[in-house]
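> I would like the atomic coordinates for the input below:
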Amino acid sequence: MKQCRTIFLCFLALVAMSMTMGPARVKKGGQRKPSDSRVHLLHADRLYFNQRLHPTAQFLVGDVRFDHEGTLMFCDSAMYYEATNSFDAFGNVRMRQADTLSLVSDVLYYDGFDQMARARNNVVLKHRGTTLYADSLDYDRLYDLGYFFEGGRLVDKDNELTSDWGEYSPTTRDAKFNYNVRLVNPRPPREAKSILISDTLHYNSRTGIAHTLGPSNIDNGNNHIYTEDGYYDSENDFSYLLDRSILQNGYKVLVGDSVCWDATEKIGKAYGHAVYTDTLNKNKFVGNYALYNDSTGYAEAADSAVLIDYSQRDTFYAHADSFFLYTYNINTDSVYRILHAYHHVRAYRVDVQGVCDSLIYDSRDSCLTMYKDPIIWQEGQQLLGEVIKAWTNDSTLDSVYVINQALSVERIDSLHYNQIASKEMHSYFTNGELTFNVADKNVYVNFFPFDDDSLMIGMNHVESSQMKMYLRNRKVDKIWMPASTGTMYPLPMIPADVRFLSNFAWFDYIRPLNKDDIFNWRGKKAGTELKQSVLREAPRQRLDDVKKKNKKD
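Reported below is the predicted structural model:
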């Protein structure tokens, strides 16, 4: 009676198994070459035949063992089909291949000709440090591939991967996963640092590198990555992303043709049409290279680099060979940033434009300092000197300080220009309009006044040590000077050598015309560059000179 019950249970399991198993997978590239080697029965406690249940099967019960080409298989009971070189195994099924691969399951069908093992229920495939769990697994010994198609979970020393369908090759240690793929690093029960979700993923358990194909998301602490073609190195927590992938950390976003993210150092780099955006402060870097360090707040951009500020009504554009942004006192209430721009700086906004060789912007006082041949234009006004400091209020020009060789020019028409030259100059603005100007030391002025009918009267040439000019509605309201010498020339009688101050220059050909023109560097014409002032120190007395003087006295 016990024997009949065992055979009946084996028969029911065989029927159920045949209903769930599909045809064996065939490797792409041609038909399978069947194996000539035989499956050998090594041991069974009991062996039975039952013509009614199966005319050719051998019913095996108790400590059943098989061997096929060095691969050993064990089970509690089996149905062995010697003619077809195959068997069905039931209960505590175990397969061992060399010393590196083992497979356990509740049920197994093995075809010796095709070298195909079909394992069902509580399947566990172990290979070196990698373990694959599934409910249904086909293991192809010919091509050394294991397939699961009703959900599977792969675990190695670092990661846990799950998906609806997948395959694993012990030879190459490559795995392919499809549909609802999820990679967790490190694997539970440790707290996850990174979680990758995708529809298609290739993974190598030797290197720990995952290659995502199709829409994929990686959450890494406070960072989120979206990519449709990317590589994730789980051992080094490093991502290399292609096809305009997106790296986002809070309000900071980095995009590029290719993006690298080092989660350990918290450094992101983008190459090719790179865009780094600060959505909180509403500005961005654009270039063919961009970098930002999330832990220090440092960022840089180069190769066709552009700084874009869109925090105000009119967008501000600035181009330079390279930009560097430094953050101080990060993660505190006293945080501030300093921006450096080096070489061939050109800036454009609808209401103001500028050029210089390099500049520094300090967010503490909203001060922009321009170096080496700096020029600022605002409508018909041009301002230049050796160094220009400009302060802004909500991105609106508040005041400007010109240091050394200051020159302010206002174009009236193609023949007439109001001109102020001095050693230093302070200009103050209200709502973006010039309302007060102070010129200090060695002041020279050429000014064209108008009468009440808006007719030009003549040209007033003045020399003084200081001048204060007050403006209203963009027109001169009054002028104050402590002491001055000057001449009022009628228009027809203005001397040619007086009409323009000695350092007069109108650099309209350099001025950026629009946001695209910032890329077109145009330097000053030869001979018009400012020569840097040299501050000479007074000669210092030497001790020997003092002693000699005292002896004479």
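
> contacts and neighbour counts: CA atoms only from here.
Noted.

> where in the chain is the helix or strand with the lowest mean pLDDT?
Least confident helix or strand, the chain: helix 2-20 with a mean of 38, by mean pLDDT, DSSP states H and E.

> assign a three-state SS to Pro492, would you?
Under DSSP: H, G, I helix; E, B strand; the rest coil, Pro492 falls in the helix class.

> from Gly458, how far out is it?
8 Å (CA to CA, to the nearest Å).

> neighbour count winner among those two?
Gly458 (18 against 8; other CA atoms under 10 Å).

> and the more buried one, bridged to which residues?
Pro490 (DSSP bridges).

> surely it and Arg499 touch.
No: under the criterion of CA atoms under 8 Å, Gly458 is not in contact with Arg499, lying 10.7 Å apart.

> what residues do these two have in common as contacts?
Overlap of the contact sets of Gly458 and Arg499 (by CA atoms under 8 Å, 6 or more residues apart in numbering) is empty.

> quick revisit: check which element follows the least confident helix or strand of the chain along the chain.
strand 40-43 (DSSP states H and E).

> helix or strand next in line after that next one, which one?
strand 46-50.

> which of the residues in that following strand are buried?
If you call a residue buried by 16 or more other CA atoms under 10 Å, then strand 46-50 has these buried ones: Leu47.

> now what about that strand, what contacts it?
Pro55, Thr56, Ala57, Gln58, Phe59, Leu60, Val61, Gly62.

> 7 Å - rerun?
By CA atoms under 7 Å, 6 or more residues apart in numbering, the residues outside strand 46-50 that reach it are Ala57, Gln58, Phe59, Leu60, Val61, Gly62.

> so among these, which ones count as buried?
Here, 16+ other CA under 10 Å leaves Ala57, Gln58, Phe59, Leu60, Val61 buried among the contacts of strand 46-50.

> max pairwise distance over these: which two?
Ala57 and Val61 (12.8 Å; CA to CA).

> for Pro215, which non-adjacent residue is closest in space?
Nearest residue to Pro215, sequence neighbours excluded (CA to CA, 6 or more residues apart in numbering): Glu228, at 4.6 Å.

> ok but the one you found is inside a strand, no?
Yes: when three-state DSSP is applied, Glu228 is found to be in a strand.

> past the helix or strand where Trp261 lies, which element shows up next along the chain?
Following DSSP H and E, one finds Trp261 within strand 252-262. Using DSSP H and E, the next helix or strand after strand 252-262 towards the C-terminus is strand 267-278.

> please save the CA atoms from that following strand in CSV.
What follows is strand 267-278 as a C-alpha-only set of coordinates in CSV (Å, rounded to 0.1, in the frame of the first residue of the first chain):
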residue,chain,number,x,y,z
ILE,A,267,31.0,64.5,-7.4
GLY,A,268,29.1,64.7,-10.6
LYS,A,269,30.6,65.4,-14.1
ALA,A,270,28.8,65.9,-17.4
TYR,A,271,30.3,66.0,-20.9
GLY,A,272,28.8,67.2,-24.2
HIS,A,273,26.1,69.8,-24.1
ALA,A,274,26.3,69.8,-20.3
VAL,A,275,23.8,71.7,-18.2
TYR,A,276,24.1,72.3,-14.5
THR,A,277,21.0,74.0,-13.0
ASP,A,278,20.4,75.5,-9.6
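
> mean confidence (pLDDT) on it, please.
On average, the pLDDT along strand 267-278 is 95.

> pull up the pairing partners for it, direction included.
Here, using DSSP bridges, strand 267-278 pairs with strand 252-262 (antiparallel), strand 283-293 (antiparallel).

> export these to a markdown table and tack on distance to Tyr470 and mean pLDDT?
Below are these laid out as a markdown table (distance: least, CA to CA, whole Å; pLDDT from 0 to 100):
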| stretch | distance to Tyr470 | mean pLDDT |
| --- | --- | --- |
| strand 252-262 | 44 | 95 |
| strand 283-293 | 35 | 94 |
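
> reformat the ones you listed as a markdown table; add distance to Asp219 and mean neighbour count.
Shown next, in a markdown table, are the strands paired with strand 267-278 (distance: least, CA to CA, whole Å; neighbours: other CA atoms under 10 Å):
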| stretch | distance to Asp219 | mean neighbour count |
| --- | --- | --- |
| strand 252-262 | 12 | 23 |
| strand 283-293 | 17 | 23 |
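
> distance to Thr84 added to these, as TSV?
As requested, those are exported to TSV (distance: least, CA to CA, whole Å):
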stretch	distance to Thr84
strand 252-262	54
strand 283-293	64
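
> could you give the bridge partners of Thr200?
Going by DSSP bridges, Thr200 forms beta bridges with Asn178, Leu213.

> neighbours around it, how many?
When neighbours are defined as other CA under 10 Å, Thr200 has 22 of them.

> what's the answer for Asp321, then?
Counted with other CA under 10 Å, Asp321 comes out at 19.

> OK, contacts around the residue nearest to Val123 when sequence neighbours are not counted?
Excluding the flanking residues, the one nearest Val123 by CA to CA, 6+ apart is Ser105, at 4.3 Å. Shown in contact with Ser105 (CA under 7 Å, 6+ apart): Asn92, Val93, Arg94, Ala119, Arg120, Asn121, Asn122, Val123, Val124.

> mind doing that once more with 10 Å?
By CA atoms under 10 Å, 6 or more residues apart in numbering, the residues touching Ser105 are 75, 89-95, 118-125, 133-137.

> buried stuff in the strand or helix carrying it?
Secondary structure assignment for Ser105, by DSSP H and E: strand 101-111. Using 16+ other CA under 10 Å as the test for burial, strand 101-111 gives Leu101, Ser102, Leu103, Val104, Ser105, Asp106, Val107, Leu108, Tyr109, Tyr110, Asp111.

> can you tell me which of these is nearest Ile375?
Nearest to Ile375, judged by CA to CA, of these is Leu101 at 74.1 Å.

> test my guess that the closest one contacts His127.
Yes: in terms of CA atoms under 10 Å, Leu101 counts as a neighbour of His127; the distance is 4.5 Å.

> name the residues contacting each of those two.
With CA under 10 Å, 6+ apart, Leu101 and His127 have common neighbours Pro170.

> domain assignment for the chain?
The chain breaks down into these domains under automatic domain parsing: 35-148, 151-249, 359-511.

> straight-line length of the longest one, end to end?
By that I understand domain 359-511. End to end - CA to CA - domain 359-511 spans 17 Å.

> same check, this time on the second one
Between the opening and closing residues of domain 151-249 we find a distance of 33 Å, counting by CA to CA.

> let's test this: mean pLDDT of that domain, rounded?
Per-residue scores along domain 151-249 average to 94.

> any idea how far it is from the middle of the chain?
Distance of domain 151-249 from the chain centroid (CA atoms, centre = their mean, to the nearest Å) equals 19 Å.

> stretch 46-59 too?
For stretch 46-59, the distance to the chain centre is 67 Å (CA atoms, centre = their mean).

> likewise stretch 261-276?
That offset, for stretch 261-276, works out to 3 Å (CA atoms, centre = their mean).

> then stretch 272-286?
The answer for stretch 272-286 is 10 Å, by CA atoms, centre = their mean.

> what's near enough to touch the most centrally placed residue in the chain?
With distances taken as CA atoms, centre = their mean, the residue of the chain nearest its centroid is Leu254 (3.4 Å). Residues counted as contacts of Leu254 (CA under 10 Å, 6+ apart) are 225, 244-248, 260-261, 268-270, 274-278, 284-286, 290-292.

> quick one: the residue lying closest to it once chain neighbours are set aside from Asp106, how far?
The shortest distance from Leu254 to any residue other than its chain neighbours is 4.5 Å, reached at Tyr276 (CA to CA, 6+ apart). Tyr276 sits 55 Å away from Asp106, going by CA to CA.

> done for today, thanks.
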